[in-house]
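Peer 1: only geometry, no sequence info:
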C-alpha cells in the first residue's frame, strides 16, 4: 500500500478513515465547527516530500483547527483523544518527530496557528504590514490542503492570504527583485570575478539566483517557499517555466555571464507583457524605476527601490 504515496494524500486518507469517524463519535456537537487538513511547515505540506523526507516529521497525521472559544472548552480533551488514535496506518509507521517539528499536527487553535505562521491572527490590514511579511511564511500559511471546514473561519483567513499581495506590494517587490538581479548578477558578479574575488563572486551569484527565483514567483502571483524548495517549486509555475532549467544550467557552467543576461532578457519580456515597464534594455536596473512608477500608493512608491 505504501508505494510512493505523498504525505498529503496519506494525511487525507488517515483523516477520512480514522479521524472523521472519531470526531463524529466523540464530538458530535462540534462537528460543524472543526476545520481539518494539513497546512504549515514540512515538505509534505508543499507536496515536495520524497523517500528522503520520511526520516523525520512524517507519518499518519493531520491538523484540527478550532476557534479560540471552542479550543478553551474541548481543546485538551480532543488533543488527548488525538494522541490515542492508531499510530500506524496503511503500512506506514508512526509519525517520527524531530524536536523542532513538535506541534505541527494535532489539535490547534486558529488564531495561534496563523500567529505562528505570519505573526498575526488574520491577514494584514495595511500595505506596510504586507510588505514586511516574509514570503516563505506566507507560503507555509497557504500550502497543503483543507479537508473539511464547515465553520469556515480558518478558510476565510486562508483565502485572504491566497489572494496574494495587494498589487502595489507585488509591484514594489518586483522592482526590488529587478534591482537586485541587476546589482548582483549583471554588475557585481563579473566585477568580483575579474578581481579574483571568488567567494564574493559566489555570493553575488547566489543573490542573483535568489532574486531571479523570487521574481518568477512574483510574476506568477505565488509566494516563494523556503530556500530549499524555491527551485523545486518552480516546476508548477506557468509563467517563465524555462527559467528553472536555465538556473540549473547556470550553476554548473564555467562561464556564466551570457546565461545571466539571457535570464534577465526573459524577465524583461515578461515585465513588458504584464505592463510593468516601458523600457527595452536588458539591464534590469533601468527597469526598476519604471516599475516603481506603477505603484499607486505614495508611501510605498517613495520607499527605497531595494526595500521589500
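Peer 2: Sure thing, it's come through. Every value quoted in this text rests on a predicted model; they were computed, and no experiment measured them. Numbering: from 1, shown residues only.
Peer 1: for residue 39, what are its contacts?
Peer 2: Applying Cβ atoms under 8 Å, 6 or more residues apart in numbering, we find residue 39 in contact with 45, 63, 140-146, 158. (C-beta placed from N, C-alpha, C; glycine too.)
Peer 1: Restricted to helices, list those.
Peer 2: 45, 140-142, 158 (DSSP state H).
Peer 1: Helix, strand or coil: sort out the residue lying closest to residue 261 once chain neighbours are set aside for me.
Peer 2: Of all residues not flanking residue 261 in the chain, residue 282 sits nearest, at 6.1 Å (Cβ to Cβ, 6 or more residues apart in numbering). When classified by DSSP: H, G, I helix; E, B strand; the rest coil, residue 282 comes out as coil.
Peer 1: on that earlier part again, now the buried members of the contacts of residue 39.
Peer 2: Among those, those classed as buried by 16 or more other Cβ atoms under 10 Å are 45, 63, 140-144, 158.
Peer 1: Out of those residues, flag the one nearest to residue 195.
Peer 2: Residue 195 has its nearest neighbour among these in residue 140, at 39.2 Å by Cβ to Cβ.
Peer 1: mind checking pLDDT for that closest one?
Peer 2: We note a pLDDT of 95 for residue 140 in this prediction.
Peer 1: List the residues that contact the residue nearest to the spatial centre of the chain.
Peer 2: Centroid-nearest residue in the chain, with Cα atoms, centre = their mean: residue 139, separated by 2.2 Å. When contacts are counted by Cβ under 8 Å, 6+ apart, residue 139 touches 46, 223-226.
Peer 1: where's it relative to residue 117, distance?
Peer 2: 9 Å (Cβ to Cβ, to the nearest Å).
Peer 1: what about residue 186, how many neighbours?
Peer 2: Using other Cβ atoms under 10 Å, residue 186 has 19 other residues around it.
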